[in-house]
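1. would you be able to build a 3D model of this:
(5 chains, ligands or ions: 4)
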Amino acid sequence: SHANCAAEKTLTEGTLTIATGNPAYYPWVMNDAPESGEGFEAAVAYAIAGKMGFDADAVTWVRTSFDEAIQPGPKNFDFNMQQYSITPERDEMVDFSLPYYTSAMAVLTTQSVVEAGATATIESLKGLKWGAVATTTALPILNNVIQPESDALLYNDNADVNAAIMAGQIDAALYDLPTALYLSAVVVDGGALLGQFPADQSQTPDQFGLLMENGNPLKECVDAAISELTESGELAAIEAQWLAEATGVPVVE
Amino acid sequence: MSDTAQQTGLAGASPAKPTRREIYEASVRRRSNRIALFSTLSVIVAIVLLIPLAPGWEAVQRSFFNGRVFAATFPGLAEAFLLNVMIFAWSAPLIALTGLAIALCRDARAPALFPLRMFGVAYTDIFRGLPVVLVIYIVGFGIPGLGLPRPWNSPYIWGTLALVLVYSAYVAEVIRSGIDSIHQSQRSAAASLGLSDGDTMRFVVLPQAIRNVVPANMNLFIALQKDVALLSFIGPVEIFRQAGVYKSLYANFTPYVGAALIFLALTVPATRYADYLMNKQNKQRS
Amino acid sequence: MSDTAQQTGLAGASPAKPTRREIYEASVRRRSNRIALFSTLSVIVAIVLLIPLAPGWEAVQRSFFNGRVFAATFPGLAEAFLLNVMIFAWSAPLIALTGLAIALCRDARAPALFPLRMFGVAYTDIFRGLPVVLVIYIVGFGIPGLGLPRPWNSPYIWGTLALVLVYSAYVAEVIRSGIDSIHQSQRSAAASLGLSDGDTMRFVVLPQAIRNVVPANMNLFIALQKDVALLSFIGPVEIFRQAGVYKSLYANFTPYVGAALIFLALTVPATRYADYLMNKQNKQRS
Amino acid sequence: MNAKLSLRGVRKRFGDLEVCKGIDLDVAEGEMVCLIGSSGSGKSTLLRCMNLLEPIDDGEIWLDGVDIAEPGLDPQPIRQRIGIVFQSYNLFPHMSAVENVMLAPRRTKGLSRADLMPRISQLFEKFGLADRMQHFPDQLSGGQQQRVAIIRALAMEPEMMLFDEITSALDPELVGEVLDVLRELRQQGMTMVLATHEMGFARELADKVCFLDAGMILEQAPAEQLFSAPKEERTKAFLARVL
Amino acid sequence: MNAKLSLRGVRKRFGDLEVCKGIDLDVAEGEMVCLIGSSGSGKSTLLRCMNLLEPIDDGEIWLDGVDIAEPGLDPQPIRQRIGIVFQSYNLFPHMSAVENVMLAPRRTKGLSRADLMPRISQLFEKFGLADRMQHFPDQLSGGQQQRVAIIRALAMEPEMMLFDEITSALDPELVGEVLDVLRELRQQGMTMVLATHEMGFARELADKVCFLDAGMILEQAPAEQLFSAPKEERTKAFLARVL
Ligand SMILES: Nc1ncnc2c1ncn2[C@@H]1O[C@H](COP(=O)(O)OP(=O)(O)OP(=O)(O)O)[C@@H](O)[C@H]1O
Ligand SMILES: Nc1ncnc2c1ncn2[C@@H]1O[C@H](COP(=O)(O)OP(=O)(O)OP(=O)(O)O)[C@@H](O)[C@H]1O
Ligand SMILES: [Mg+2]
Ligand SMILES: [Mg+2]
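-> Ligands and ions are numbered 1, 2, ... in the order given. Below you'll find the predicted structure:
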């Protein structure tokens, strides 16, 4: 039944074209190779495709930047999947699917900042020097929840934020929890996670959705597939497989 | 004078009566005004009517010329532009001074100053040869990594340094060309009065050289004002970055158009003025 | 000639015997060479010895001057630089032609061509007034949105267009100043032979004007080669973006240093040559 | 009206300055007319008006019975019929001598280089420049440049020629070679108008000499008569100064 | 040795071209020496050597019994003692006349504007420029500029003055006012060396005239004697050409 839903609605008949980032980051896509189906978003993508009636070999991947994804006009993908947060403002320009993941936000910092006395309290966080990737929704959370004393510095991508942390230009950066876990463990020397803002305690939780061209007829098919995956518990299983349980990270008070 | 007027009168063409060329030219002028008006209008009408017919015009309009987004973001952009102005304001004098110092290095003649001269050459060659954005990345993330404590590792300091390095190389070249353009006889005259080399440079050569290169330097400083936007890549939230933030917030490119308008409001008059100075100078020269 | 040589001989100072100035200058030269050598060496030694003593030097060296990363990434960077060269290669002629066309628009004198003249003025003012990176964003993401089908929405096409828009505005101004610099008497001479305005421009004015502005245009094209790097912001993986990808991959800034070296290898000789042409021209003028 | 070129009441002003104040002048076929007068009297301007380089404000200019001063007339074909050579040669510096000469005939008459070559090398030969055809202007002396400028004008086969103080920018020893060219043209019966301050030359060759003063032709007469018995006080004063 | 300035065997070459070929010359205190000779004979170069603007290659220059041509000597104090004025004035175009004059005394002698003002306005007054002190060079005529240049040199209170064809760039009617200045200085007993082509002036005022030819002083004698009875053939030929 779902297979019929997508008929004549995809970019290329019989094929589902999915976009992700360049590069795509761990743990969302392992080894920058979404075709393997390894990594949370890659696995979710193939699960959704399956529900919509596409075999694994009927899925093609393309790469886009954030700007290319929101650029007006016809897209070169059916949907785009790279941790796009759903916001009402963005929703006016593009279409989002139902959320496939609700993320906690986490504070990435370094051991030396922790040793200098930073703690997981809003009071303590306010005094830090903050940075973030300019195109993420970390920025509104930073400004609305933490309200730091000095203006945050903003960067193009994760790599530049990490460079700034390592150069000591910023104390801390706000990421979604899975990304922050990966960065603190692997990329940032002496990296540490200071605390997290759990999604269930937030009034405006950070929810990831698939991004589509405004008015894309495929949306209902995608939504149907996602709600089916959610209800059946398949989505939770994929999450448990690829995204580590972040039990050790204290909740920010 | 009255003599002339009389002769003119005698020859039959009083100033009041239009000559046949005047009559012809008046008719030409009327016709060409009509043509100019008509052709201008038709071009404008074509633009206004045809562009909206393009298939994606509505989408582009919503993404690029979105009134609601414009109104919501413009004040924030203008505020962010203050940071551009401030970075410009503290960079410009540093650039002028550094550029002057480098120009003097390259002009140093004593053999003991050979390393200074070589330094000047290497400096201008290297920093004129690199893309600004590359220098900003390398200096802005590299030097702070030397382990400087806050506030000495601020991206404002090192981003500014990157701009100073690049632009002072250009300014140095321009000043040096100004120094070279001062005729040897001016140095001779100063030397013959018993002035030292330093005094000759300071009181005789430099004032003239710098006056000669004002227009060229003005163009450089306009370019600087635009390149301040590149500092955003290492952190500072100036207008270009702010536009990017709004872009991702609204998933809309209108903020970039707003930023463009703000830039134009500043750079167009400045460029015009620099062109005017440049033209004046070229005229004087020939 | 032989007369002169004889007189010299008679006066007692044969060319073989050094004069007292020659003796003095030889000793000065020896001493200054020693000083120059010594001061150069001490500066170099100071740099080599002192910088590594800075607290973070090792970290910086590891992040910026990492031999292993350099060796691993340099070939990839050089390959990506081919894309810069290609974008440059197809942009440059387009820029030259567009710049020429705009310069001629601004020089149009017939009143019916008033919109053309205004268009030329607006074009140069707007595109010289905007940061290149802003134009690249607006054009590179905007026009494809007008609903163009692939391959007509390629970032290569529209990124190139952005570069052409900005640089042709500068080139047009330079060419126009070249046209203005041709003396009115040359146009008079051509007109007196019965040549049309078009032929006068094409055969008499333009060849001289363009020859005069070669050095200025060369500097613009060097700047263009550097600004090609900004196209990376809309997608093309040229050297700067490739360096960024390596940076993310290795969490290391050495690839940027590699990219800088590649740029310098190209732009330093080119800038030197442009300076040389510019100086030669200035000398001829005065 | 049997004059080749007739000026009637020609007036020309630059802004507030009236430079030609009603000039009447006839140049007959094959005649050589010399304009003399002090600096600023309007000689150059008058010549430039004659071949329409400057549009006149009022008056008529008849060439072979056609009023070429008619506003709105296309000046190009007229200019091709009347050659002019300037004081400052104005060769095109980026072209060799022969290219300077060939440009206008090639573009306006549609002739090829090969068509033109025989006649043009003949001209170069006649004026003693056969070995200089491939030289660029800055490789030529002032006198040679001026002769190339004359050849360039003659290559258009004009019906008449205007010369504006063509020797005054030359060193004295180079003047002779250029005046020889004019003698040669005179012999061939070219119609010529010549602004000059070489009074000896005007006296030797001119059929008619006009004395310009402050934009008016104050006196015109056959050369011998004007130089030996000028009527006007101002002419006398001017000749006293320059002779 | 009682001469103010003595040259002994002065040689100067530019590359392969020897411009001074062993010059011997004495200038006594209060004497006025004129250098004459055709263009390129080395007059300007000799003057520039005298106040060390050009280092000489060989020979000696004695000023008050001290050899100022000693290599390695600091030339600045010497140049302050010997003023020079050039053919092309070389005023500093970005300074007013009075600033042009004050710059050197202020910087080298540490005097303030107020210290200098009385004496300098006196100089401007003496040379008829009292009302031009605040003008910039491009607001002054050539003759006025040249007089400012002389005042500028005199303001350093030099012990002697060198003048290099200081009237040759001036229109004829402006020459007189500059020569008047020299007459005035002569009267005050200033020691002067003057390269000139104003033979009449040389004859009127010079104590001694030297004829330079191809870098050598071919003949030197009291003015009257040299002009009326030159001994050398070349001198005769030169005088025949210029008188
Ligand atoms: N394009 C122009 N614009 C304004 N004034 C001009 C122009 N051309 C010439 N004049 C003025 O017209 C007057 C006559 O100039 P013209 O060159 O015709 O004199 P001339 O007799 O040729 O003098 P000369 O012997 O110096 O060449 C002069 O006062 C001159 O300044
Ligand atoms: N800086 C220089 N470099 C090379 N050659 C020079 C230089 N200065 C002068 N000369 C040459 O030295 C010769 C003498 O020049 P100088 O100016 O002394 O002659 P002069 O007698 O003053 O001539 P004039 O009457 O033209 O001023 C000339 O041949 C000149 O070309
Ligand atoms: Mg004239
Ligand atoms: Mg001289």
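2. who in chain D is up against ligand 1?
-> D:14, D:17, D:19, D:37, D:39-45 (Cβ under 6 Å from any ligand atom). Using the backbone N, CA and C atoms, a C-beta is placed for each residue, glycine as well.
3. low pLDDT regions in chain A?
-> Scanning chain A for pLDDT under 70 picks out the ranges A:1-3, A:72-73, A:201, A:245-247.
4. so where do the strands sit in it?
-> In chain A, the strands defined using DSSP state E lie at A:16-20, A:59-63, A:79-80, A:95-96, A:101-103, A:105-110, A:130-133, A:153-155, A:172-176, A:191-197, A:206-208, A:211-212.
5. as TSV, those strands with mean neighbour count and distance to B:Asp107 would be great.
-> Conversion of the strands of chain A to TSV gives the following (neighbours: other Cβ atoms under 10 Å in any protein chain shown; distance: least, Cβ to Cβ, whole Å):
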stretch	mean neighbour count	distance to B:Asp107
strand A:16-20	23	56
strand A:59-63	18	52
strand A:79-80	26	58
strand A:95-96	20	63
strand A:101-103	20	61
strand A:105-110	26	47
strand A:130-133	24	43
strand A:153-155	26	40
strand A:172-176	25	47
strand A:191-197	22	50
strand A:206-208	22	60
strand A:211-212	24	59
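6. which one of those lies nearest to chain B?
-> strand A:153-155 (3.3 Å; Cβ to the nearest Cβ).
7. now check that closest one, is it near chain C?
-> No - against chain C, strand A:153-155 shows no contacts by Cβ under 8 Å from any Cβ of the partner chain, the least distance being 11.6 Å.
8. who does that strand touch, helix- and strand-wise?
-> Other helices and strands packing on strand A:153-155, by 3 or more Cβ pairs under 8 Å, 6 or more residues apart in numbering or on different chains; DSSP states H and E, are strand A:130-133, helix A:158-166, helix B:239-250.
9. can you give me the helices in the chain?
-> Went with chain A since none was named. Assigned by DSSP state H, chain A shows helices spanning A:2-6, A:40-51, A:66-70, A:88-93, A:111-115, A:122-126, A:138-141, A:158-166, A:177-182, A:219-231, A:234-242.
10. my bad, chain B
-> Using DSSP H, the helices found in chain B span residues B:2-10, B:20-50, B:57-64, B:67-107, B:114-129, B:132-142, B:155-180, B:184-192, B:197-199, B:206-212, B:214-227, B:239-250, B:254-285.
11. least confident of those, on average?
-> Of all those, helix B:2-10 carries the lowest average pLDDT, namely a mean of 41.
12. distance of the residue in the stretch 101-250 of chain A that chain C sits nearest to from B:Phe141?
-> Per Cβ to the nearest Cβ, A:Ala159 is where the stretch 101-250 of chain A lies closest to chain C, at 4.1 Å. Taking Cβ to Cβ, to the nearest Å as the measure, A:Ala159 falls 10 Å from B:Phe141.
13. of the two, who's got more company?
-> Neighbour tally, A:Ala159 and B:Phe141, criterion other Cβ atoms under 10 Å in any protein chain shown: the higher count belongs to B:Phe141, 28 against 23.
14. run a quick neighbour tally on the residue lying closest to the more buried one once chain neighbours are set aside.
-> Distances taken as Cβ to Cβ, 6 or more residues apart in numbering or on different chains place A:Ala163 nearest to B:Phe141, at 4.6 Å, with adjacent residues excluded. Neighbour count of A:Ala163, defined by other Cβ under 10 Å: 28.
15. quick one: contacts for residue 101?
-> In the absence of a named chain, chain A is used. A:40, A:44, A:207-208, A:239 (Cβ atoms under 8 Å, 6 or more residues apart in numbering or on different chains).
16. that's the wrong chain, I meant chain D
-> D:Val101 neighbours (Cβ under 8 Å, 6+ apart): D:120, D:123-124, D:148, D:151-152, D:155.
17. let me know the helix or strand that it is in.
-> Using DSSP states H and E, D:Val101 maps to helix D:97-109.
18. how about the contacts made by the residue lying closest to A:Leu183 once chain neighbours are set aside?
-> Spatially, and ignoring its direct neighbours in sequence, A:Leu183 is nearest to A:Leu108 (5.7 Å; Cβ to Cβ, 6+ apart). Taking Cβ under 8 Å, 6+ apart as the criterion, A:Leu108 is in contact with A:165, A:172-175, A:180, A:183-184, A:188, A:191-194.
19. buried residues in the helix holding D:Val101?
-> Burial within helix D:97-109, assessed by neighbour count using 16 or more other Cβ atoms under 10 Å in any protein chain shown, is assigned to D:97-108.
20. tell me the one of those residues nearest chain B?
-> The nearest one, if we look at the buried residues of helix D:97-109 relative to chain B and count by Cβ to the nearest Cβ, is D:Asn100, at 22.6 Å.
21. the closest one is in contact with D:Leu91, isn't it?
-> Yes - taking contacts as Cβ atoms under 8 Å, D:Asn100 lies within contact range of D:Leu91: 5.3 Å.
22. shared neighbours of the two, anything?
-> Common contacts of D:Asn100 and D:Leu91 (Cβ under 8 Å, 6+ apart): D:137, D:148, D:152.
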